[in-house]
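*Asks:* okay, sequence plus prediction incoming.
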Amino acid sequence: MARAITGDGPAVHVTRGLRYIAPAMWLMGWPESVWHSRRQEWHADMRAGQDVLGRSGMAPVAGALLDAAIFAATGLTRLRSPSGQTTDDIEWNGEAIG
């Protein structure tokens, strides 16, 4: 994806059909489908669609879940939210530099 954004990769071809980002479908879509009693729709979408970022299978999902768990655990030890922890090494909040 990064190579496509910078123009160093092959041309991107738009295809028909359902596409999704698998980690987002698992981390946000699955709980939402359970909450709203739409699990069958979620399963149908996962079967019919294709992940636009990763490879098929559970490896990308497992990696995303592992990353999320590490961010959450580190955030807990530093009294930060998991989302706040994801940008801890790159954010600047106005404090003096140097």
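*Replies:* Sure, I can see it.

*Asks:* what number of residues lie near residue 24?
*Replies:* 13 (other Cβ atoms under 10 Å). From N, CA and C alone the C-beta is placed, and that goes for glycine too.

*Asks:* what's the answer for residue 21, then?
*Replies:* 16.

*Asks:* once you drop chain neighbours, what's closest to it?
*Replies:* residue 53 (5.6 Å; Cβ to Cβ, 6 or more residues apart in numbering).

*Asks:* buried residues in the longest helix seen in the chain, which are they?
*Replies:* As assigned by DSSP state H, the longest helix anywhere in the chain is helix 59-77. Residues 60-61, 64, 68, 71, 75 are the ones in helix 59-77 that count as buried (16 or more other Cβ atoms under 10 Å).

*Asks:* go on, stretch 49-61?
*Replies:* Here stretch 49-61 shows 51, 60-61 as buried, counting by 16+ other Cβ under 10 Å.

*Asks:* likewise for stretch 13-27?
*Replies:* Result for stretch 13-27 [16+ other Cβ under 10 Å]: buried residues 20-23, 25-26.

*Asks:* what does that stretch rub up against?
*Replies:* 29, 42, 45-46, 48-54, 60-61, 63-65, 68 (Cβ atoms under 8 Å, 6 or more residues apart in numbering).
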